[in-house]
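predicted model, plus sequence, below.
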Amino acid sequence: MSKIKWVMLAKFAAPLLVERLCAPAFAQNSQHLSAQDMSECAGLAVSLTKRIERITLDYSPGSLTQVDRILHQFHRNKPTKEQLPTLVGSFGCYVGEVLIRNLNGSWEFPSAGQKDVLGEQAIVRLPKGVVANPMGKVRKFVQSGTGDSAVALYQAAEQHSRQ
């Protein structure tokens, strides 16, 4: 992975793309998010990864290995507070879309009180009452490292939603 390319992107280009393409997913006071907003934000992660890494993220569970690798790189480089929403938003939406498309889930948008507890604008509801917080998982991974991987989230969600 080109550290310089990702750093430059996170600093300059990505915030502009986020503002234009998926600002509602990151606005702390947003009341009108939709599944389409989240899907568009996931598309940002796909586009950025293809452009920088020349890797196509295909929304398969296997693609989460590549996402973890990218997030681990960001963890090692310690993104700024300004960069974190871009990373969490785009890659969190991507992880959420992988869960939704492969485990028959849907985006859920918590009430204002629930947002305060969860710390995120959207969660994924899976079969059998399983709830996943892909944005929170991506945020923790970038901040703390591999113990909070997207692959581990998927495996846990798959196991619990199929029991």
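Great, that's in hand.

could you find the closest non-adjacent residue to residue 66?
In space, residue 66 comes closest to residue 55 once its chain neighbours are excluded; the distance is 5.6 Å by CB to CB, 6 or more residues apart in numbering. Quick note: C-beta positions are derived from backbone N, CA and C, even for glycine.

and the one you found, which of the three is it?
Classification of residue 55 using DSSP: H, G, I helix; E, B strand; the rest coil returns coil.

do you know how far it is from residue 47?
Distance of residue 55 to residue 47, computed by CB to CB, to the nearest Å: 12 Å.

contacts only, for the residue nearest to residue 127 when sequence neighbours are not counted.
The shortest distance from residue 127 to any residue other than its chain neighbours is 4.6 Å, reached at residue 161 (CB to CB, 6+ apart). Applying CB atoms under 8 Å, 6 or more residues apart in numbering, we find residue 161 in contact with 103-105, 126-128, 130.

now those residues in JSON lines, with neighbour count?
As requested, those are exported to JSON lines (neighbours: other CB atoms under 10 Å):
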{"residue": "103", "neighbour count": "19"}
{"residue": "104", "neighbour count": "10"}
{"residue": "105", "neighbour count": "22"}
{"residue": "126", "neighbour count": "20"}
{"residue": "127", "neighbour count": "13"}
{"residue": "128", "neighbour count": "8"}
{"residue": "130", "neighbour count": "19"}
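
rebuild these as JSON lines, extending it with secondary structure, distance to residue 78 and pLDDT.
Shown next, in JSON lines, are the contacts of residue 161 (DSSP: H, G, I helix; E, B strand; the rest coil; distance: CB to CB, whole Å; pLDDT from 0 to 100):
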{"residue": "103", "secondary structure": "helix", "distance to residue 78": "32", "pLDDT": "96"}
{"residue": "104", "secondary structure": "coil", "distance to residue 78": "36", "pLDDT": "95"}
{"residue": "105", "secondary structure": "coil", "distance to residue 78": "31", "pLDDT": "95"}
{"residue": "126", "secondary structure": "coil", "distance to residue 78": "32", "pLDDT": "93"}
{"residue": "127", "secondary structure": "helix", "distance to residue 78": "37", "pLDDT": "91"}
{"residue": "128", "secondary structure": "helix", "distance to residue 78": "37", "pLDDT": "89"}
{"residue": "130", "secondary structure": "coil", "distance to residue 78": "32", "pLDDT": "89"}
